[in-house]
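Peer 1: Structure for this input, please:
(one chain, ligands or ions: 1)
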Amino acid sequence: MSDAVACPICTMPDPLDAVDGYECATCGHEWLGDPDDGLSNIVDANGNVLASGDAVTVIKDLKTDGKVGGIKSGTKIKSIRLVPGDHEIDAKVDGRQLLIRAAFVKKA
Ligand SMILES: [Zn+2]
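Peer 2: Numbering: from 1, shown residues only. Just a heads-up that it's a prediction; the model follows:
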């Protein structure tokens, strides 16, 4: 789909995802993600730009596909991670890793 990401130091492919970019599993080098990955203009329900590490509040009761329970409106998420796709937010809620649409949250 997109060009494989490789470590700029040791050129090993398949780095680990870090909060703001990537971490090389081989040499431990960390670097920021590609600014052209489409994740720099994701906005919340109020039009505020979101970034990985932001705290947000869910503004709508959400059902989670194939899983028990859902996310209630008003749920606070401490640290989000932005990911490509139509559900732009990867977050941990009550110990579960969930994908949430940016339009259903507002920046805390
Ligand atoms: Zn490396």
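Peer 1: For residue 77, give me its contacts.
Peer 2: When contacts are counted by C-beta atoms under 8 Å, 6 or more residues apart in numbering, residue 77 touches 55, 56, 57, 58, 89, 91, 92, 93, 100, 105. Just so you know, the C-beta spots here come from the backbone N, C-alpha and C atoms, and that holds for glycine as well.
Peer 1: Pick the one among the residues you listed closest to the ion.
Peer 2: residue 92 (26.7 Å; C-beta to the ion).
Peer 1: Show the contacting residues for the closest one.
Peer 2: Per C-beta under 8 Å, 6+ apart, neighbours of residue 92: 77, 79, 98.
Peer 1: Kindly reformat those as TSV containing pLDDT, distance to residue 23 and secondary structure.
Peer 2: Formatted as TSV, the contacts of residue 92 follow (pLDDT from 0 to 100; distance: C-beta to C-beta, whole Å; DSSP: H, G, I helix; E, B strand; the rest coil):
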residue	pLDDT	distance to residue 23	secondary structure
77	95	22	strand
79	94	16	coil
98	90	23	strand
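Peer 1: Turn those into CSV, columns for distance to residue 6.
Peer 2: Listed next are the contacts of residue 92 as CSV, based on distance: C-beta to C-beta, whole Å:
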residue, distance to residue 6
77, 31
79, 27
98, 29
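Peer 1: Next step: the contacts of residue 77 restricted to strands.
Peer 2: Judged by DSSP state E, the subset of the contacts of residue 77 located in strands is 56, 57, 58, 89, 91, 92, 93, 100, 105.
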